[in-house]
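Engineer: Mind folding the following:
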Amino acid sequence: MSATSEISNVHELPPEKLKTREVVHIDIANDTVLPADYKPLRIQQIGENWSWSAGGSKLEENVDPVMTCYKLVTCEFKWFGLQTRIENFIQKSERRLFTNFHRQVSVGWIAGTV
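Structural biologist: Model prediction:
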């Protein structure tokens, strides 16, 4: 199986849950992050290590930088009048959490600190 493969029901959800599932693709290299979440010093720290560890300065031309990771997040907030708003907020927060966490882990891995 290649890194770009997609498995339609990796978590083996029942049909009723599969019907309401939303798939969210996160690109830790290209998705925008909030200014408060961006840590330029950390990214600058890997400047030299990036070329060295990746086998050259043109990383995009040398490797296929794709990894597929499946995470299942469920959220239920049963409070009339607030349910949709709170559930949407939680889902948006999860996306931000996953994006930032995996960006930091990958930068640490490239820098050799993970």
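
Engineer: For Val105, see how far away Met67 is.
Structural biologist: Plainly put, Met67 is 11 Å away from Val105 if you go by CB to CB, to the nearest Å. (Glycine included, C-beta is placed from N, CA and C.)

Engineer: where does the protein have low pLDDT?
Structural biologist: By pLDDT under 70, the low-scoring segments of the chain are 1-5, 39-66, 107-114.

Engineer: all helices for it, in order.
Structural biologist: Listed from the start of the chain, the chain has helices (DSSP state H) covering 15-20, 40-45, 47-54, 59-62, 83-111.

Engineer: Contact partners for Asp31?
Structural biologist: Applying CB atoms under 8 Å, 6 or more residues apart in numbering to Asp31 gives the contacts Thr99.

Engineer: isn't Phe98 right next to Ile26, touching?
Structural biologist: Yes: at 5.7 Å, Phe98 counts as touching Ile26 under the criterion of CB atoms under 8 Å.

Engineer: Which residue is the nearest non-sequential neighbour of His76?
Structural biologist: Just to correct that, residue 76 is Glu rather than His. Glu87 (7.4 Å; CB to CB, 6 or more residues apart in numbering).

Engineer: Next, the contact list for that neighbour, please.
Structural biologist: Glu87 sits next to 75-77 when contact means CB under 8 Å, 6+ apart.

Engineer: burial of Gln91, as a residue count?
Structural biologist: When counting by other CB atoms under 10 Å, one arrives at 14 neighbours for Gln91.

Engineer: If you drop the residues flanking it in sequence, what lies closest to it?
Structural biologist: Spatial nearest neighbour of Gln91, excluding adjacent residues (CB to CB, 6+ apart): Cys75 at 6.2 Å.

Engineer: Just give the number of residues close to Cys75.
Structural biologist: Neighbour count for Cys75, taken as other CB under 10 Å: 13.

Engineer: And it, how far from Gln83?
Structural biologist: Relative to Gln83, Cys75 is positioned 10 Å away (CB to CB).
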